[in-house]
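Peer 1: Show me how the following folds:
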Amino acid sequence: QVQLVESGGGLVQPGGSLRLSCAASGFTFSMYHMQWYRQAPGKEREWVGIITDSGGTTGYARSIEGRFTISRDNVKNTLYLQMNSLKFEDTAVYYCNAVRGNQAYWGKGTLVTVSS
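Peer 2: Numbers count the residues shown, from 1 in each chain. Got it, this is the predicted structure:
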C-alpha cells in the first residue's frame, strides 16, 4: 500500500522557518522524482519544487527560490522541505508528490500558517 505522509506543518511568524517531512512507503522511493506542491486558501494548487530520484538535481518555483530547499534521504525514504524567511503568502497546505513516468502518488498534505 503506497503511502506519503507529510508532517511538520504548523503556525509560524513571518520571517520564521519550518521543515516539512514526507515519509514514503509502499513503493521504491529511490526510483521516483519527488515534488512539493502547495495550495493556498481559495487558490489552485501550485508547484513548489522538485528533486530527482538520486537527489542530484533540484528545481524551484520562482516564488520560493532562495528561501526553500528540497532534500531527500533515500535510506530513510523521506523527503524534506526546509522553508526559511517565511512570508504571509506562504500560508498553504503543502503536499508531497512522487512521480515516475505516468505513475504519481500524493500525500494528504500538511498545513502551514504564517501569521503574526
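Peer 1: what's next to stretch 90-98, contact-wise?
Peer 2: With Cβ atoms under 8 Å, 6 or more residues apart in numbering as the test, stretch 90-98 has contacts from 4, 6, 9, 20, 22, 24, 27, 29, 32-41, 43, 45-46, 48, 64, 79, 81, 83, 104-115. In this view, the C-beta of every residue, glycine as well, is placed from N, C-alpha and C.
Peer 1: Can you select the buried ones from these in PyMOL?
Peer 2: Here is the PyMOL command that selects the buried residues among the contacts of stretch 90-98 (16 or more other Cβ atoms under 10 Å):
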select buried, resi 4+6+9+20+22+24+27+29+32+33+34+35+36+37+38+48+64+79+81+83+105+106+107+109+110+112+114
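Peer 1: Among the contacts of stretch 90-98, which are located in strands?
Peer 2: Of the contacts of stretch 90-98, the ones assigned to strands by DSSP state E are 4, 6, 20, 22, 24, 33-39, 46, 48, 79, 81, 83, 104-106, 110-114.
Peer 1: For Leu4, list the residues it contacts.
Peer 2: Applying Cβ under 8 Å, 6+ apart, the residues contacting Leu4 are Cys22, Ala23, Ala24, Cys96, Asn97, Ala98, Tyr105, Trp106, Gly107, Lys108.
Peer 1: Would you mind writing the CA trace of stretch 22-36 as PDB?
Peer 2: C-alpha atoms of stretch 22-36 as PDB (Å, rounded to 0.1, in the frame of the first residue of the first chain):
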ATOM      1  CA  CYS A  22       7.200  13.400   3.800                       C
ATOM      2  CA  ALA A  23       7.500   9.800   4.800                       C
ATOM      3  CA  ALA A  24       7.100   7.400   1.900                       C
ATOM      4  CA  SER A  25       6.300   3.700   2.000                       C
ATOM      5  CA  GLY A  26       4.900   1.000  -0.300                       C
ATOM      6  CA  PHE A  27       7.000   1.800  -3.300                       C
ATOM      7  CA  THR A  28      10.600   2.100  -4.300                       C
ATOM      8  CA  PHE A  29      11.200   5.700  -3.100                       C
ATOM      9  CA  SER A  30      14.700   6.000  -4.700                       C
ATOM     10  CA  MET A  31      13.300   5.400  -8.200                       C
ATOM     11  CA  TYR A  32      10.900   8.300  -8.000                       C
ATOM     12  CA  HIS A  33      11.400  12.000  -8.500                       C
ATOM     13  CA  MET A  34       9.700  13.900  -5.700                       C
ATOM     14  CA  GLN A  35       7.900  17.200  -5.700                       C
ATOM     15  CA  TRP A  36       6.300  19.600  -3.300                       C
END
